[in-house]
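**Q** What would the 3D arrangement of this be:
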Amino acid sequence: MSQPTQTAHTSACTTRVPDRNGYVPPGTCGYHGKLYFPSFTLAAIFTAVAATILLGHMIQLLRFPEHGLQRLAVFISTCLVVEFAARTAGTKDQQNIYLAAISDTVVLAVPICMLHSCLQLIEL
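**A** Numbers count the residues shown, from 1 in each chain. Below is the predicted model of the structure:
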């Protein structure tokens, strides 16, 4: 009768301590699959630009409420602000996979919601 044997599994990745922003290089333990090193400054600039565009669309919606596409533009702009804000927060906490999931979900959901809104406008 043979004896059961135990095998030791070695880790395929090396452990690295994340830097102050939570960044670990690709191929190390704790790497979450985004192959870029984001800049907080650029992410904050894009968030501010998206918020400015959202403000402009909101003003247009208040001034010209009869145009149906303004609501769609406000919706898309709001989604962009949420996505860029999540990415901006993610630059300071890169080990937080929830911020990346929020950002990716919003980006993927916008075209679906946009198509639905356009189809509703066509039916009117």
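**Q** So which bits of stretch 114-124 are buried?
**A** Going by neighbour count (16 or more other C-beta atoms under 10 Å), the buried part of stretch 114-124 is Ser117. For every residue, glycine as well, the C-beta is placed using N, CA and C.
**Q** For it, output the C-alpha coordinates as PDB.
**A** Extracted in PDB, the C-alpha atoms of stretch 114-124 (Å, rounded to 0.1, in the frame of the first residue of the first chain):
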ATOM      1  CA  MET A 114     -27.100  55.500 -24.500                       C
ATOM      2  CA  LEU A 115     -28.600  53.100 -27.100                       C
ATOM      3  CA  HIS A 116     -31.700  52.600 -24.900                       C
ATOM      4  CA  SER A 117     -32.200  56.400 -24.600                       C
ATOM      5  CA  CYS A 118     -31.800  56.900 -28.300                       C
ATOM      6  CA  LEU A 119     -34.300  54.300 -29.100                       C
ATOM      7  CA  GLN A 120     -36.700  56.000 -26.700                       C
ATOM      8  CA  LEU A 121     -36.200  59.300 -28.400                       C
ATOM      9  CA  ILE A 122     -36.900  57.700 -31.800                       C
ATOM     10  CA  GLU A 123     -40.200  56.300 -30.600                       C
ATOM     11  CA  LEU A 124     -41.400  59.800 -29.400                       C
END
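**Q** what does it contact?
**A** Gly68, Leu69, Arg71, Leu72, Phe75, Ile76 (C-beta atoms under 8 Å, 6 or more residues apart in numbering).
**Q** Can you give the distance from that stretch to the centre of its chain?
**A** Averaging C-alpha coordinates over stretch 114-124 and over its chain gives two centres that are 25 Å apart (C-alpha atoms, centre = their mean, to the nearest Å).
**Q** swap in stretch 65-72?
**A** Stretch 65-72 has its C-alpha centroid displaced from the chain centroid by 26 Å (C-alpha atoms, centre = their mean).
**Q** For stretch 61-78, give me every contacting residue.
**A** Counting by C-beta under 8 Å, 6+ apart, 50, 53-54, 57-58, 60, 110, 113-114, 117-118, 121, 124 sit against stretch 61-78.
**Q** quick revisit: from the contacts of stretch 114-124, which one has the minimum pLDDT?
**A** pLDDT across the contacts of stretch 114-124 is at its lowest for Gly68, which sits at 71.
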